[in-house]
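this one's sequence-less:
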Ligand SMILES: [Zn+2]
Ligand SMILES: [Zn+2]
Ligand SMILES: [Zn+2]
Ligand SMILES: [Zn+2]
């Protein structure tokens, strides 16, 4: 339900097995970026509090609905507490039909979301320096493009900025699919675009630099309740989720190798996330780029082994862990040697980055998130908001049409039936698509896509829509970094 | 309705104004490819007769349905007359419920279509020589790729092979949209793929060859009944159809120029077709590649002016007509000089090719098609069959999802309500998608797409489906030239 604070308070927190809390003293890993952890916590708190504030504020307003000056009073409270006006239509009708709390809730979530996105955009101008640095780092590892497909699950919504600690600009594409089952054909098209940029414009480097395209798949499990709170798309079966991810990666690589000549290929990387601790598990490729479910570095174990070391020792152990995984002599995890040096550096960096996140969960949540399951606030449909990269904030269904994206949408709707509908609250659907202002007519067509997708959602989930339990908001945004989010109405052209 | 022969016989044929029939003698243009005209006529007759045969054969079978040996008799007739077995399920039920003629008709159209496609594939192996020649010719004109978007209208289904007389392999892409309103974003993606091939593999030539990408839009009108039998998507308004086509071409060129640096651009060409005579009107670009609705060569007039000349004189007049269009001194048709030499050669070739088609219509139909309006046999949904390039055989809705392609589908369904449903016959929907066998899992996903599209069609046109007035057939085909057409059942995986 919608009360995470209560849930958190009532849960007896198990400690994180990787956590080295001693006599009440918090653990402190030598490789943690403390400043970044504080910054990320402040951001998470701001956003979560704004959403958590919605229900108390609406309850307060509901209590006033029979007062004489109700509309004015309600708007004053809304402006002070939420930062915007409520829809006056809903307020004005309250004296006749009673206040439509469900509609009000849906609208409030949408307005909160737009306000926060707008604030994120203006207060965090694109981190140009960090991005350049990250792109250079990726190039040093031998990659001109990094493309990540996580599961749509809201608990992975913070993947890039929190769990992996990469600046958004370092990742060429991050599109979510239920069970991380990304669209191979669409990905081949993205690969082609990246290739052409390299060949035609020498961006980010020319083809003779010998760099590669890296495709990552991120699956997940939950060590707090692995049989129920893992990946819904794979029946909470970790092995199955990992196997399917590996299979899809192999298909993608094969597609590139078969369809293009001159030794075209890609590097692939499979990563698992424990959504209870945010610790990652990296499946180390061998010298041929092949991975195995049974050859991986478990970063929670690594955290445990290095938390009391000094920085240099800890760093060395990270590299040794990668080496040890590659050196497995026999069994199912056996591979053909170590990956190339760039891949080793990349994996080491991801592991070290993730140590900060493990400590973030330790320091702020006692090692395990209190909301072990779903606790998303809205469903993000379409291209998703770059502005919100936060765990459990949104279930993200990347799609172009409901016809193709229905399986992903169904999973999300089922999650929100439990989270919202069962408590009388509607499901907020934030439909968001990006357009290319350089292409004439593209904005108009993107607005039409928003409207088409909304109509298709209202058709597919007709019963919910008729009961007012589906609240859609539509926004578009230019693809150029830092562009504003533009609200679309159902009758806009 | 479904009796074109009757329709043809009952129509008082107006003569073709371009036709120089003298004292009952058929006109004969010196530049006509007589052999090709005979070959194309034989092909058209075979295909059309097979489809025209369906109703008489089914009527004959219907007359036997109360006979003792009905099923065996019906199958014997079907095998002899149609070339395949009828679905025995439908025949076997006839004694109880009466023969379900509607279901039988739908199934027979689907089986005819598959049989003819299979015959076309095995008897006409890809014309490798012609294709190489056409590709070389295009390269000589300065084009490494030619991409055509005609209207979905069935009367343009013979565009490439009949009206323009180009071998299929010379055209990189030919996807139909209602009103020729092609998808700019999808076309940009196709441009990117073509570019990469050139840069990465030097196919068909390397970038330093200085060749260009040519995008053509083909709109249509009908000189037999311009106010009613023109382009349905543009309200049978020729000027509007042409204007919209020009606008979309400009958007596409702008999209390429704005999105890619280093002087990226494309050539564009707008062509109109008179579906009564198959004569084309070519809008001649100026030196800047700009076109005007009022600067064009009308090939019917050119036919008239050259039909009594010798070959060399006729050929010269074609080039002079292009020159004259470019040289217009004033008015709306005025442009900035002549197009580049390759474009002039291409236009001349298209005009000369089309002279053969004008004569084809003259010689075989007295200058005007008897079926001036719609007379399609089925709706082709998805990627379309390369095997069928024949006027009025199919309404072609190129789409990936019904959600996006609904406007195109609606136009087609409305056409078939008049053609078929009003006569108690179902609408045959041939859902056909091509897959890439080099991409693992692509065939399976393409089969799923077929099934998803069929389900979406049955949902959108639910009333027709419930009445048995929608008969879907699903087929997939590998993208490699000459691949067989594979039937898919609703429950295939
Ligand atoms: Zn700890
Ligand atoms: Zn999942
Ligand atoms: Zn004639
Ligand atoms: Zn049309």
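Everything's here; your move. All values reported here derive from a predicted model rather than from experimental measurement. Residues are numbered from 1 along each chain as shown, chains lettered A, B, ... in the order given. Ligands and ions are numbered 1, 2, ... in the order given.

What about the residue of chain A found nearest ligand 3, how many residues nearby?
With Cβ to the ion, the shortest gap between chain A and ligand 3 falls at residue A:441, namely 42.1 Å. Glycine gets a C-beta too; all of them are placed from N, C-alpha and C. Residue crowding around residue A:441 was assessed by other Cβ atoms under 10 Å in any protein chain shown; the count is 17.

try residue A:263
Once other Cβ under 10 Å is used to define contacts, residue A:263 is seen to have 6 neighbours.

did I read that right, it in a helix?
No. Note on residue A:263: no helix contains this position according to DSSP: H, G, I helix; E, B strand; the rest coil, which reports coil.

Which SSE is immediately downstream of the helix or strand residue A:35 falls within?
Assessed by DSSP states H and E, residue A:35 sits inside helix A:34-52. Moving toward the C-terminus from helix A:34-52, the next helix or strand (DSSP H and E) is helix A:54-62.

counting contacts, what elements does that following helix pack onto?
If you count contacts as 3 or more Cβ pairs under 8 Å, 6 or more residues apart in numbering or on different chains; DSSP states H and E, helix A:54-62 packs onto helix A:70-81, helix A:101-123.

Output those in TSV; the columns should cover mean neighbour count, distance to residue A:142 and mean pLDDT.
What follows is the helices and strands packed on helix A:54-62, written out as TSV (neighbours: other Cβ atoms under 10 Å in any protein chain shown; distance: least, Cβ to Cβ, whole Å; pLDDT from 0 to 100):
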stretch	mean neighbour count	distance to residue A:142	mean pLDDT
helix A:70-81	16	51	95
helix A:101-123	19	32	89
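
Next, count neighbours for the residue in the stretch 301-450 of chain A positioned nearest to ligand 2.
When distances are taken as Cβ to the ion, the stretch 301-450 of chain A reaches nearest to ligand 2 at residue A:411, 8.1 Å away. Residue A:411: 21 surrounding residues under other Cβ under 10 Å.

Just to check, it is in contact with residue A:152?
Yes. Using Cβ atoms under 8 Å, residue A:411 and residue A:152 qualify as a contacting pair, with a distance of 7.0 Å.

distance of residue A:115 from residue A:62?
Distance of residue A:115 to residue A:62, computed by Cβ to Cβ, to the nearest Å: 21 Å.

what helix or strand does residue A:256 sit in?
When secondary structure is defined by DSSP H and E, residue A:256 falls within helix A:238-259.

tilt between the next helix or strand after that helix and helix A:238-259?
From helix A:238-259 onward toward the C-terminus, using DSSP H and E, the following helix or strand is strand A:267-274. Relative orientation of strand A:267-274 and helix A:238-259, computed by axes from the mean of the first three to the mean of the last three Cα atoms, to 10 degrees: 160 degrees.

Now tell me what touches strand A:267-274 from outside.
Strand A:267-274 is contacted by residues A:143, A:150, A:156, A:159, A:163, A:212-223, A:238, A:241-242, A:245-246, A:249-250, A:252-253, A:279-283, A:285, A:289, A:291, A:296, A:300, A:343, A:346-347, A:350 when judged by Cβ atoms under 8 Å, 6 or more residues apart in numbering or on different chains.

Tell me which residues of it come out buried.
Of all the residues in strand A:267-274, those buried under the rule 16 or more other Cβ atoms under 10 Å in any protein chain shown are A:267, A:268, A:269, A:270, A:271, A:272, A:273, A:274.

Quickly note the distance from the first one to residue A:218.
Using Cβ to Cβ, residue A:267 is found at 15 Å from residue A:218.

Likewise for the fourth one?
As defined by Cβ to Cβ, residue A:270 lies at a distance of 8 Å from residue A:218.

And the helices in the stretch 351-493 of chain A, which stretches?
Taking DSSP state H, counting those that start in this stretch as the test, the helices found in the stretch 351-493 of chain A are A:402-419, A:442-460, A:462-466.

Likewise for the stretch 151-300 of chain A?
If you assign secondary structure with DSSP H, counting those that start in this stretch, the helices in the stretch 151-300 of chain A sit at A:184-201, A:238-259, A:299-306.

ok, stretch A:439-448 near chain B or not?
Yes. Applying Cβ under 8 Å from any Cβ of the partner chain, one finds stretch A:439-448 in contact with chain B at A:439, A:440, A:441, A:442, A:445.

Return the residues in contact with the second one.
Going back to what we said before, that points to residue A:440. Taking Cβ under 8 Å, 6+ apart as the contact definition, residue A:440 lies against B:184, B:250, B:251, B:254, B:255.

Dead centre of chain A: give me the residue that sits there.
Computing the C-alpha centroid of chain A and ranking residues by Cα atoms, centre = their mean puts residue A:157 first, at 1.9 Å.

Just give the nearest non-adjacent residue to the residue of the stretch 301-450 of chain A closest to ligand 2, would you?
Ranked by Cβ to Cβ, 6 or more residues apart in numbering or on different chains and with sequence neighbours excluded, the top spatial neighbour of residue A:411 is residue A:178, at 5.0 Å.

pretty sure the one you found is touching residue A:150, no?
No. With contacts defined as Cβ under 8 Å, residue A:178 does not count as touching residue A:150, sitting 10.6 Å away.

For the two, indicate the residue with more neighbours.
Relative neighbour count places residue A:150 above the other of residue A:178 and residue A:150, with 27 against 23, counting by other Cβ under 10 Å.

In this structure that one contacts residue A:163, no?
No. Counting by Cβ under 8 Å, residue A:150 sits too far from residue A:163 to count as a contact (9.1 Å).

What residues does the stretch 1-150 of chain A have near ligand 2?
Counting by Cβ under 5 Å from the ion, no residue of the stretch 1-150 of chain A lies close to ligand 2.

can you tell me which residues contact residue A:100?
Residues A:90, A:93, A:94, A:468 are the ones in contact with residue A:100 under the rule Cβ under 8 Å, 6+ apart.

Swap in 10 Å and give it another go.
Residue A:100 sits next to A:87, A:89, A:90, A:91, A:93, A:94, A:106, A:107, A:468 when contact means Cβ atoms under 10 Å, 6 or more residues apart in numbering or on different chains.

and of those, the nearest to ligand 1?
The shortest approach to ligand 1 among these belongs to residue A:106, at 38.4 Å (Cβ to the ion).

Residues contacting stretch A:317-329, please?
Contacts of stretch A:317-329 from elsewhere in the structure, counted by Cβ under 10 Å, 6+ apart, are A:31, A:282-287, A:292, A:294-299, A:301-302, A:305-306, A:309, A:333-339, A:343-345, A:347-352, A:355.

What residue, apart from its backbone neighbours, is nearest residue A:334 spatially?
Once its chain neighbours are removed from consideration, residue A:334 has its nearest residue in residue A:328; the separation is 5.5 Å (Cβ to Cβ, 6+ apart).

Cheers, nothing more for now.
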